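>>> mind looking at a prediction? Sequence and model below.
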Number of protein chains: 2
Amino acid sequence: MNLLKVLKRVSMLMALLIMLACNETKSLKKVSVDGETKVSHPSLIITAQGVEDIRNNLGSIPIFDKTLEETKAIVDAEIEKGIDVPVPKDYSGGYTHEQHKKNYVNMQKAGVLYQILNDEKYAKYVKDMLFAYKNLYPTLPVHPQPRSYARGKLFWQCLNDSNWLVYTSQAYDCIYNYLSKEERDDLEITLFKPFADFISIENPQFFNRVHNHSTWGSVAVGMIALVMEDDSLLNRALYGIKGLDMDPSMKDNDGGFINKDGKAGFYANLEEPFSPDGYYTEGPYYQRYASYPFLIFAQALQNKKPDLGVFKFKDSVLLKSVNALLNLSDADGDFFLLNDSQKGMSYYNSALVSAVDIAYQFGGKNPELLSIAKKQDQVTLDDAGLSVALGIKNDLEKPFVKRSVQLTDGPNGDQGAVGILRKNPIEVVFKYTAHGLSHGHFDKLSFALFDNGDEVVQDYGLARYVNIEQKGGGNYLKENKTWAKQTIAHNTLVQNQTSHFQGKYSIGSKYHSNQYIFNVSNNNVQVASAKESNAYPGTNMHRTMVLIQDENYTNPIVLDILRVNSSTQNQYDLPFYYLGQLMQTNFEYNKLEVPSVLGKSDGYQHLYKEATAKSSGDNMQLNWLHNNKFYTYTAVTNAADEIILARIGANDPEYNLRNEPSLIIRKKGVKDALFVSSIESHGTYNPVTELAIDAYSNIDKIEVAYNSVDYTAVRIIMKSKEEKLFVICNNDNQENKTHSITLNGTTYSWKGVFTLI
Amino acid sequence: MNLLKVLKRVSMLMALLIMLACNETKSLKKVSVDGETKVSHPSLIITAQGVEDIRNNLGSIPIFDKTLEETKAIVDAEIEKGIDVPVPKDYSGGYTHEQHKKNYVNMQKAGVLYQILNDEKYAKYVKDMLFAYKNLYPTLPVHPQPRSYARGKLFWQCLNDSNWLVYTSQAYDCIYNYLSKEERDDLEITLFKPFADFISIENPQFFNRVHNHSTWGSVAVGMIALVMEDDSLLNRALYGIKGLDMDPSMKDNDGGFINKDGKAGFYANLEEPFSPDGYYTEGPYYQRYASYPFLIFAQALQNKKPDLGVFKFKDSVLLKSVNALLNLSDADGDFFLLNDSQKGMSYYNSALVSAVDIAYQFGGKNPELLSIAKKQDQVTLDDAGLSVALGIKNDLEKPFVKRSVQLTDGPNGDQGAVGILRKNPIEVVFKYTAHGLSHGHFDKLSFALFDNGDEVVQDYGLARYVNIEQKGGGNYLKENKTWAKQTIAHNTLVQNQTSHFQGKYSIGSKYHSNQYIFNVSNNNVQVASAKESNAYPGTNMHRTMVLIQDENYTNPIVLDILRVNSSTQNQYDLPFYYLGQLMQTNFEYNKLEVPSVLGKSDGYQHLYKEATAKSSGDNMQLNWLHNNKFYTYTAVTNAADEIILARIGANDPEYNLRNEPSLIIRKKGVKDALFVSSIESHGTYNPVTELAIDAYSNIDKIEVAYNSVDYTAVRIIMKSKEEKLFVICNNDNQENKTHSITLNGTTYSWKGVFTLI
């Protein structure tokens, strides 16, 4: 035996040991096909061993059985309708777009049904459809709709073509052995290889970058590579197209850079956008979208190439990402709105069904995930779904408890964070992240507030009706840029009616806010505090959100302290996007005869000014009703402050915007400013009993008791006369230092960055 | 034995026979108290026999046991807090108002708990509170808040004082035997008698009329009369104050006449506002409010004076009224909005729990009512509640099926009607009633549309936040008169920007619309048609609503045909209050830079004009999204028609109105007009899957195929090219006559008032 042979033996043994060590990986069955030993199919997502196990458990695993039943009903109905592979024509929402989308979803389902039910009609359906695509695809030019920077062939953008390939690869894997070698060769040579090349080599501006688009691209190429066992294609998927010379200033349709630093491929896409905490820099809405390809491909890689140990990559970032994403949802499971996000997206999305099942299967079978799976009321029809179904069947479930948490942003976790403060029923989402790539909004230090799953102080989200064709083809509307991304559309500070970073992605994407303190060790005084000094050069902002629970009241109070220091005199606007019907204010306002438009640019052109008021110099209060709950916003104001009651909807020629209200506190011609306010959810209304309970604020007054470079102290005086004093160090976030201040002759001392007395 | 004695014997025997014949009436137990034979207590609502039966069944009647448990928890907590009988000070929503309200509710509950649980702590609680009231009441002047035409003592209006007495009488009945004769005399002389006199003799403008206020007044007096066995007081309750000379032109706060025709007392209040179908002329929101006193008193009368046969009065109108009221609710149980009504009121209101249980007990134990009771998930803690609980326990329940139904208005059923067309999931509520007393709106031939319990084409309802003190003390807001009652606030025709009957109650209350045809015998072509000729003298309106179900589509189409003929040239506005977000129109509109105000009076001053369009002369379509469903409004228009996109909210200095959208079709300078339109609920959107299904209208075109004095024919051409022709006779509503028209050489013949070909 020569040295080479010894080395080969050793490395094979090692690979075997690694495989054995990874106890979640089913052994790959070897079968003899066409006289040669080959890895069996399916082996990508559902495995041959998984099929055996599933068949053995069918009928006794309720959530799996139910999903199977539903899936069968859907696919049977589709088979009944017959195969429809139309010539591509439409944008999203249009007929051909939706049909091709349906096709890949149904092929994937049919493939799985073939394996589980062992009924050839499903294999035949997939085969017939694949051959219909094989016949169509080579005849296709680039898609006729011109809007994308990377037009696909079946769809108007390569992104959707990639979706198609990710699903179809799974279907192909499922019927691989059903097809003859000739049939497989025909499909691979005529359809799959050219398809993979088109979305990669022929569209490097789509494929060779770090972005959710290219994640789909890499995974599409990687999935089909794994089925075809084409290692060269797999390398392209994992590491990008090598030796490509791309213009670093090139941008996509959203204004994002295509590829500024030359990174590409699945690993780069995994490395870059995820922080060590598993936060995806674009925000949860896009994380949800990207999580499917990330996790489905990781699952396939783990099954086919276990030695790559993909789930261990970057300290198990993929598994952490599922946990992070679930934590970025409100009490109803709806995702918080950070950057471009459509309201109503939740962990009930099928991508999250996959994510939860995969994370359960490959992440140590965390029993808390079972409670989410149970709410989802469906599982993936594969090995992971079987594990979850068995876990639920065996009552292993524990509640998934969402706690206050800070999720860092940036590949190394040093580009700011999202801070989530929770105290039932209130959730405060405080954003001090990096920009969030091309889907980022210009809203440093913005926040939103949820009450038992209802958004009460809102983030507008995106200006788009996803897949609703009558609204701009279901794509981003121009108001997304002119309104939704602008600073004034968010609950944060606007200086001189100009958005952060001048609303320029090229500037904003260079910076991030910095976390100052996140301390939730005392459940009754939870603090998240962060600073931003680049949004407006020469101006420093420091915002602190505090969740204070008083035992005398049911709900916690939110205290919001925003300090601004600038080298120049400015106008500062702080908008507050309450949702609901104004009940009462403690200030007199003048409603205009007809609304006027608030400004000319930076989103101001989309706001109507409905009423104005001059501050009395005392607290201003706004009391409102939303979803039968009473809320009050109380803010410290100066006599010079202006209060504007505004409404979204100006310069909206096509009714693309929602006409929702806002209150803006405006300070003019000042260098430094201190905005202090509180938000309470204090009462309820019942339209059936017509009882209004605790309709008024519990707060008598909030006041700035002290404010210096070093400390800010805010006193909250309740109507019960009880007082609270919150003090924070402004420039020293060491947890163990002792501080003191003297107010009216009384000295208060404490250890740490803040105190509540 | 002399003749007198014989007659007495005979009449006693007859009374006994009547009592025996009325098998629902429990025999009243006679016991010896203070040496004299007396009817036992309780005997009003819960009876002594009922108490026995309840005690025998406790623990085995889940819905009753659960209600008892909940009631006990509430009352125990209140007893813990101690008794609080404050000096009256506030309007509704304010502290003293809400406390007195809580007190009477809790006394009633505690009385019942004493009987069922036989625990003296509850009797003592009631007794202590009654004596606190006994001590307070004689010291009270009229209530300090001056807004009511009939100020109470405990509350700002006699209405609420009456509420108090209705509940408190029940509590008193329950602890009657717990008190000594001296205690009872003290309470009756110092509290109950003066209380009853105050709300009747001392406030005849409140008591002696036909109105929901006086219903409460009569019942309050009647209930305490029954407990005290004071027949003179009972006569006052049943027949009003006799020999009173009232000014017939006197009006209440709502602008309603106090007593135009001298009718008064419980029977008059029962006779007048209820139609033979059980429709209450003020509408379901106030019927719900009035139904509690009507039914609770009827129950008490039936128990105490069975020979009056109150449930048989006017062909059992009280029992019919419960059925009518349940039919006036949408799929979720929320009442339709007719006249002054607050959204969200439903058959889950406690008044309806009583109504349903009483109707079950005294109306032949209709098993359909059990399904409503089951949804309500509670029962009354008395004999009726026990019957319902036993019915549910014994699985007697049948679904309460709401069908298309016409409910006539007016004491004799000849003052128009409400027509409800139903075809799952659509409900059309078409109003061609009388005015509805002081709570009526000026909206002849108006309609609203519900889709699976969601209001989609809305009636605005009232401009009031009931019991929310910060909004005008929780009372009617001035916008109720200037906006909510005006014609332009409704989905019906406005001539020359003036409300029906000039918006004058004195005129409107004289007239009613007339039903023309209501035919729902064919479930797939349901027709309600009505005429109005008094709203605008010289102008005749004829509106026909048709619900058409085509087997090729999931949901029915609503066809709306409104013919107007006038002796003068006018401007006609037809508003359409769609709820939701505009998706697309098939016409180009010009959005104004800032909205302008649409008019100066009659509600127009509250509408912003946001955009205008000139009709192309073809169909106009508006496609919108509401609660994730897609809708389209399609209307035939002429080239001269103007289209206005409007929004509610102008001249609303205190944010009392909701800023919701409207589309108005305007025809200028014409005598006759024909408005034809269709409404479709055709598609869905899912924000989790982001799938838009059937987002577009299924209708290619609707056109007027024929229009003469005698016939109107409308053709609906579907996108599938399928055509439908609906023809209606305009001036002949005989069901058996044969008609024919010839269109383009083809003659169509049919029998009856309409046909769909």
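Yep, that arrived.
>>> look up the pLDDT of A:Gly93 for me, please.
On the pLDDT scale, A:Gly93 is placed at 78.
>>> ok now do it, which residues does it touch?
A:Asn467, A:Ile468, A:Glu469, A:Gln470, A:Gly473, A:Gly474, B:Ala692, B:Ala695 (CB atoms under 8 Å, 6 or more residues apart in numbering or on different chains). (Glycine included, C-beta is placed from N, CA and C.)
>>> neighbour count added to those residues, as JSON lines?
Compiled in JSON lines, the contacts of A:Gly93 are given as follows (neighbours: other CB atoms under 10 Å in any protein chain shown):
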{"residue": "A:Asn467", "neighbour count": "24"}
{"residue": "A:Ile468", "neighbour count": "25"}
{"residue": "A:Glu469", "neighbour count": "22"}
{"residue": "A:Gln470", "neighbour count": "19"}
{"residue": "A:Gly473", "neighbour count": "20"}
{"residue": "A:Gly474", "neighbour count": "23"}
{"residue": "B:Ala692", "neighbour count": "26"}
{"residue": "B:Ala695", "neighbour count": "24"}
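>>> for A:Gln170, state which of these is nearest.
Among the contacts of A:Gly93, A:Asn467 lies closest to A:Gln170 (CB to CB), at 22.4 Å.
>>> check contacts around the closest one.
A:Ser92, A:Gly93, A:Glu98, A:Gly474, B:Glu690, B:Leu691, B:Ala692.
>>> that one: which element?
Applying DSSP states H and E as the criterion places A:Asn467 outside every helix and strand.
>>> could you measure it against B:Pro687, distance?
10 Å (CB to CB, to the nearest Å).
>>> before we move on, back to that, just the contacts of A:Gly93: which has the poorest pLDDT?
Lowest pLDDT among those: A:Gly473, 88.
>>> so it, which of the three states?
On the three-state scheme (DSSP: H, G, I helix; E, B strand; the rest coil), A:Gly473 is labelled helix.
>>> in this structure A:Gly453 contacts A:Ser329, no?
No. Contact status for A:Gly453 versus A:Ser329: not in contact, 9.2 Å apart, counting by CB atoms under 8 Å.
>>> got the phi/psi numbers for whichever residue of the stretch 301-450 of chain A sits closest to chain B?
Residue nearest to chain B within the stretch 301-450 of chain A: A:Gly344 (2.9 Å; CB to the nearest CB). Per-residue torsions, A:Gly344: phi 100, psi -10 (degrees, to the nearest 10).
>>> any idea how far the closest residue to it other than its chain neighbours is from A:Leu233?
Among residues not flanking A:Gly344 along the chain, B:Pro687 sits closest, at 2.9 Å (CB to CB, 6 or more residues apart in numbering or on different chains). For B:Pro687, the distance to A:Leu233 equals 36 Å [CB to CB].
>>> likewise A:Ile757?
A:Ile757 is 65 Å from A:Leu233, by CB to CB.
>>> show me the helices in the stretch 301-450 of chain A, by range?
A:313-327, A:350-362, A:367-376, A:383-393 (DSSP state H, counting those that start in this stretch).
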